[in-house]
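> Sequence first, predicted coordinates after that:
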Amino acid sequence: MKPIAVAVLILLLNANLCAQTDSSKHFSFNGYAEFYYSYDFAKPANKEKPAFVYNYKRHNKPNINLVFARGSFQQKRVRANLALMAGNYANYNLSAEPDWARPLLEANAGFKLSAKEELWVEAGILPSHIGFESAVGADCWNLTRSLLAENSPYYETGIKLSYNSKDKHIKTAVLVLNGWQHIQRPAASNKPCYGLQFTYQPQEKLTLNYSNFIGKEQPDSSNAVRVFHNLYAIYEPAKKLGITVGLDIGRDKYTTAQYGTWFSPVLIGRYKLNSKAALAARIEYYSDKKQVIIKTTTTNGFSTWGSSINYDYRFFKKGMLRAELKYYSSNDAVFTKNGTPANNNLSFTTAICIKL
């Protein structure tokens, strides 16, 4: 186990102890650990999942996807978070970041601008305002992330102005960002990017969300502007049943002169068998024919269907055992099976998730 993982595990255990013993009302500590084993039936020679996958990356070897310890400070008008992490999520999602930034899951501080309204300004490394899936697997209905989540930001760095209505029905945010999932702004890009989020929850059972991203992901000299939209709806008509529908659509240059569009719809259903067990299924499609996001060098680019089914069992209040079978099918041979090109991929993943 790498030294950073050991350090985070120690912090996590200490944080849990402090959470139980600290009498301060302003400080809180929590942590998370997710251990997994995944088997890719394509038997990749490099022991890694396909290039467009950034979580549960290692094949046929017990591993850590994410472990973190977080300390939080909260007063009426001031709040801050610092979270240190290790695991596959950090190694692969932050591979382009400088060494000092790779252990940082969160590092942010905020100030409440109004004494009466929930109007906050925050700055630092923040969870992404895009999508319904996060880095924390236990908070997601499926064990592995969807194609649209894996290929859109999990985190962002910048300034966020947010407002939550008193009746909790409306949440809005406006952001000025370093870029598309960057802690350190790329050297060739000097202009800020922008984001917007609007969430409407007319009732407890229904959540509607629209988020976007507008800015340059390529060097300023390319004169390319990325415009991206994320929409989703979460409907839980009964305590046991939940449905999520999502759609990502974006546009950016794939050559110095030509723009391409990618899109990805997803449908997820979850059914709780009882207070401890649940089933979830997902069907999704990702189309990036011009290879703006996912490079394939094939004739039709990345046009891939995905389907998965998983089972969750909560063996104690803060611990969950998960298992998932996932299948990908593509128009072109974008996968490798036993060393030869293939147009499909099958994998099995199991994980233990513990929140502290």
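Everything's here; your move.
> When you work out contacts or count neighbours from here on, use the C-alpha atoms and nothing else.
Noted.
> Show me what residue 212 bridges to in the sheet.
On the basis of DSSP bridges, residue 212 is bridged to residue 196, residue 229.
> Same check on residue 82?
Counting by DSSP bridges, residue 82 is bridged to residue 71, residue 107.
> And for the one 4 residues further on?
Beta-bridge pairing of residue 86, defined through DSSP bridges, involves residue 67.
> residue ranges of the helices in the stretch 1-150 of the chain, please?
In the stretch 1-150 of the chain, the segments counted as helices under DSSP state H, counting those that start in this stretch are 3-21, 88-93, 147-150.
> so residue 84 makes contact with residue 69?
Yes: in this structure residue 84 lies within contact range of residue 69 using C-alpha atoms under 8 Å: 5.6 Å.
> Residue ranges in the chain under the pLDDT threshold?
For the chain, the stretches with pLDDT under 70 are 1-24.
> where along the stretch 201-350 of the chain do the helices fall?
Assigned helices in the stretch 201-350 of the chain: none (criterion: DSSP H, counting those that start in this stretch).
> Check the burial of residue 342 by counting its neighbours.
For residue 342, the count of nearby residues is 17 (other C-alpha atoms under 10 Å).
> Can you tell me the closest non-neighbouring residue to it?
Spatial nearest neighbour of residue 342, chain neighbours left out: residue 333 (4.5 Å); criterion: C-alpha to C-alpha, 6 or more residues apart in numbering.
> ditto for residue 174
Excluding its sequence neighbours, the residue lying closest to residue 174 (C-alpha to C-alpha, 6+ apart) is residue 196, at 4.7 Å.
> Distance of the one you found relative to residue 78?
Separation of residue 196 from residue 78 (C-alpha to C-alpha, to the nearest Å) stands at 23 Å.
> Comparing these two, which shows the higher neighbour count?
With neighbours defined as other C-alpha under 10 Å, residue 196 and residue 78 compare such that residue 196 has more, 20 against 16.
> before we move on, the earlier item: right, and the residue nearest to residue 342 touches residue 340 too?
No: in this structure, residue 333 is not within contact of residue 340 by C-alpha under 8 Å, at 9.2 Å.
> between these two, who's got more neighbours?
Of the pair residue 333 and residue 340, residue 333 is the one with more neighbours under other C-alpha under 10 Å, namely 19 against 10.
> Got the phi and psi for the more buried one?
phi -80, psi 80 (degrees, to the nearest 10).
> Residue 241: how many residues sit nearby?
Look at residue 241: counted by other C-alpha under 10 Å, it has 16 neighbours.
> can you pull the contacts of residue 157?
Applying C-alpha atoms under 8 Å, 6 or more residues apart in numbering to residue 157 gives the contacts 123, 124, 125, 126, 177, 178, 179, 181, 182, 183, 184.
> I'd like to know which of the residues you listed is nearest to residue 319.
Among the contacts of residue 157, residue 126 lies closest to residue 319 (C-alpha to C-alpha), at 25.4 Å.
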